[in-house]
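Asker: show me the folded form of this:
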Amino acid sequence: MQENIVGRAAHRADIQARAVQDMAAMGVDGAFIDQLVDRFYGNIQKHPALGPVFEQKLAGVWDAHLAKMKSFWSAIAFKTGAYGGKPVQAHMSVSGMTPDLFVQWLALFSKTLDSIAPTPEAHAWFMASAERIARSLTLALFYNPAMDDPNLRKT
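Answerer: Next up, the predicted model:
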């Protein structure tokens, strides 16, 4: 049993070390994550459609949200497992949330990366991650399996 635990810890450490190395090869470090989150959410706040939706949920707690998002993106990039939030539940309580907002969110994320990504590889990696996140949240929040029924689609 003890060997299994030690083996898993070593495996996890190897995964994290590889992630740090892979991110460094793309020019990504903790400072980049901080800059990405700060710049992106600064852009969100100015966005005509996204800004009001985020503001109604985050008014007065933006700093805490930014810290949470930095932890989230660091955990994804560096495979730390440090993020323990529940994103689906957090987004369920946001009024005004629509599937189209995720399309706009992705476009703004890409535009933010256009201006600060250290390499094309970093841009591609973060966009692929953001697209998976958006797809996952969209499915969790808006997918209705009943709509897969061909008889319902005709109506």
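Asker: in this protein, which spans are strands?
Answerer: Along the chain, counting by DSSP state E, no stretch forms strands.
Asker: now residue 35: closest residue in space that isn't a chain neighbour?
Answerer: Nearest in space to residue 35, with sequence neighbours left out and distances taken as CB to CB, 6 or more residues apart in numbering, is residue 116 at 5.9 Å. Heads up, the C-betas are built off the backbone N, CA and C, glycines and all.
Asker: surely the one you found meets residue 39?
Answerer: Yes: assessed by CB atoms under 8 Å, residue 116 is found in contact with residue 39 at 6.0 Å.
Asker: find residues that contact each of the two.
Answerer: Common neighbours of residue 116 and residue 39 are not found (criterion: CB atoms under 8 Å, 6 or more residues apart in numbering).
Asker: follow-up on the earlier one: what's the burial count for the residue nearest to residue 35?
Answerer: Neighbour count of residue 116, defined by other CB atoms under 10 Å: 14.
Asker: contacting residues for the residue nearest to residue 95 when sequence neighbours are not counted?
Answerer: Leaving aside its sequence neighbours, residue 95 sits nearest to residue 56 (CB to CB, 6+ apart; 6.6 Å). Residues near residue 56 by CB under 8 Å, 6+ apart: 94, 95, 96.
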